[in-house]
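> Have a look; sequence and predicted model below, questions after that.
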Amino acid sequence: MRLQAPKGTYDVLPLDQPRWHHLFDTTRRVLGRAGYQELTTPILEHAEVFEKAVGDAADLVVQKEMYTFEDRGGRHLTLRPELTAGVLRAFIERGMHTWPSPVKLWSAGPAFRAENVQRGRYRQFHQVNLEIVGSDSALADAEAIALMGDLLAALGLRRTVLKVGSVGDPDDRARYNAYLTQALAPHAEALSPTSRERLRLNPMRVLDSKDAGDQELVATLERPLDFLGEGARAHFGAVTGHLDDWGVAYEIDPAIVRGLDYYRRTAFEVHHQGIGAQSALGGGGRYDGLVRQLGGPDVPGIGWAMGVERLFDALEAEGVTATDRDRPLAFLVAMDEAAVSELAALARALRAEFRIEHAYVRRNPTKGLRDADRSGAIYAVLRGERERDAGVVMVKHLERGDQVEIPLEALADHLRAAARDEPQPSTSLHDAGVRTADRG
RNA sequence: GUGGAUGUAGCUCAGUAGGUUAGAGCACCGGAUUGUGGUUCCGGGGGUCGAGGGUUCAAAUCCCUUCAUCCACCCCA
């Protein structure tokens, strides 16, 4: 197999398209109703956009996992590894701080990370992204979180777990990191090698360790939530208060952790059991200061992103069937040479109103009906010498098997009436491996 | 970057004490059925056995290397 998609990439085949459309349509509907506007930014950005965004962690993560290259003009470009940085670059470049505040945006599209693949992790993957820029109100945090839950519910997911916490203000984090370093230092030998490394580079990530021994040790420690300062504590209380008021189901995670340090105060994640080790469907948090860090005005912001592939995985795990495949109302079959061009022209006219397909060559009834059947059409419309002499077409209902001759000029009216009577034509995605619907 | 499992037809898979032209089901094409589909029956096309090298009279099968896929670690924007 020499010709194949690059590692970690894949094709979205025709039968996969409906669920993609369903996802994006649902996103547009749910977020649009809340006043969010869609923003599409380039997949390619100057590397410095992402390097500035991740800051000190750049050495670790950015260099290793970003697709960065020099173009022919000597520009250093990067395939975006996430959507937020590009959205904020557009916010700054387009002067969106002059727009009615806060600016509420959503985006969706591909992103790229040069990671090793596993379940729920691809090199080209897709995200749905939301940002609220220009508000430091706890209402913004609560709305962002609630909308994430609304979208998950609208997609049909029920077994999601929403975790909300706070990473505090920078001072709080510094105090907690100091505490952690001090508290764990005596036990350094007992920690797993990776946790020892984390203790050195990003102590809070020790809390995330999958090592059982580490977790025993971690359980004895104070948690980030215990170190919140007055401001962060009040903000967190306000956020959870709104969520409670609105009846949003969530758990407080007192040890929620972020890998990058531009996050402050609110942090949240949605997980799903049943999609493998990479159980996070998405997450987000508040990033006051990031816009300024990128070279823009000092405006606060909060946002989240969800992984499209993981959403699909979760939907499959819950047995939620995506929307249906489109099927033609009629498939036209020409049974002699003269009918080929007649029906091609007829198909073009009918397509102003209906979904119509036809064979490109003359077919006998056996082949023609087989073609019609495989197309998934409700009706087969046949025309040959006999029909031409009588000025009619033969219209056959492919499921019932009955057929009737209709004057050629009356076909549109007949199909219009038939379309009203038919239940919405559809084929379940469960038939994905089969070209023709099961007619029992 | 690390580890485990797996790579045979478009798909799902048989086939290893090494032995003629590598098989099945499904799918596809044709015929039975030159004016009536789905079912059935008959036939056909389709394979660098992931790739490269080695051992051997002989390799899908044994050895080495490599690539890919899946899962996990790591990382997580």
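Perfect, I can see it now. Just so you know, these numbers come straight off a predicted model, no measurement behind them.
> Count the residues that sit near the residue of the stretch 201-350 of chain A found nearest RNA strand B.
Of all residues in the stretch 201-350 of chain A, residue A:259 sits closest to RNA strand B, at 2.4 Å by C-beta to the nearest atom of the strand. For every residue, glycine as well, the C-beta is placed using N, CA and C. Neighbour count of residue A:259, defined by other C-beta atoms under 10 Å: 13.
> Got the phi and psi for it?
The phi/psi pair for residue A:259 (degrees, to the nearest 10) reads phi -80, psi -30.
> swap in the one 5 residues further on?
Here is the backbone geometry of residue A:264 (degrees, to the nearest 10): phi -150, psi 150.
> Does it touch residue A:169 like I think?
Yes: contact criterion C-beta atoms under 8 Å: residue A:264 and residue A:169 qualify, at 5.5 Å.
> Neighbour count: the two, which is higher?
Neighbour totals were compared for residue A:264 and residue A:169, and residue A:264 leads with 26 against 19 (other C-beta under 10 Å).
> What distance do you get for the more buried one to residue A:227?
13 Å (C-beta to C-beta, to the nearest Å).
> Now the common contact residues for these two.
Common neighbours of residue A:264 and residue A:227, using C-beta atoms under 8 Å, 6 or more residues apart in numbering, are A:168, A:173.
> which residues do residue A:264 and residue A:169 both contact?
residue A:232.
> Now do the SS call for the nearest residue to residue A:317 once chain neighbours are set aside.
Once flanking residues are discounted, residue A:317 sits nearest to residue A:274: 3.8 Å by C-beta to C-beta, 6 or more residues apart in numbering. Following DSSP: H, G, I helix; E, B strand; the rest coil, residue A:274 is assigned to coil.
> Check the contact between residue A:274 and residue A:159; I expect there is one.
Yes: the pair residue A:274 and residue A:159 passes the contact test of C-beta under 8 Å, sitting 7.1 Å apart.
> who touches both of these two?
Listed contacts common to residue A:274 and residue A:159 are A:314, A:317-318; contacts here mean C-beta under 8 Å, 6+ apart.
> Show the buried residues in those.
residue A:314 (16 or more other C-beta atoms under 10 Å).
> Which members of the shared contacts of residue A:274 and residue A:159 additionally contact RNA strand B?
Among the shared contacts of residue A:274 and residue A:159, no residue is within reach of RNA strand B (C-beta under 7 Å from any atom of the strand).
> Please flag which of the shared contacts of residue A:274 and residue A:159 sit within helices.
A:314, A:317 (DSSP state H).
> will you turn the shared contacts of residue A:274 and residue A:159 into TSV that also has pLDDT?
Formatted as TSV, these follow (pLDDT from 0 to 100):
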residue	pLDDT
A:314	95
A:317	91
A:318	92
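> with the shared contacts of residue A:274 and residue A:159 in mind, which one is nearest to residue A:290?
residue A:314 (28.6 Å; C-beta to C-beta).
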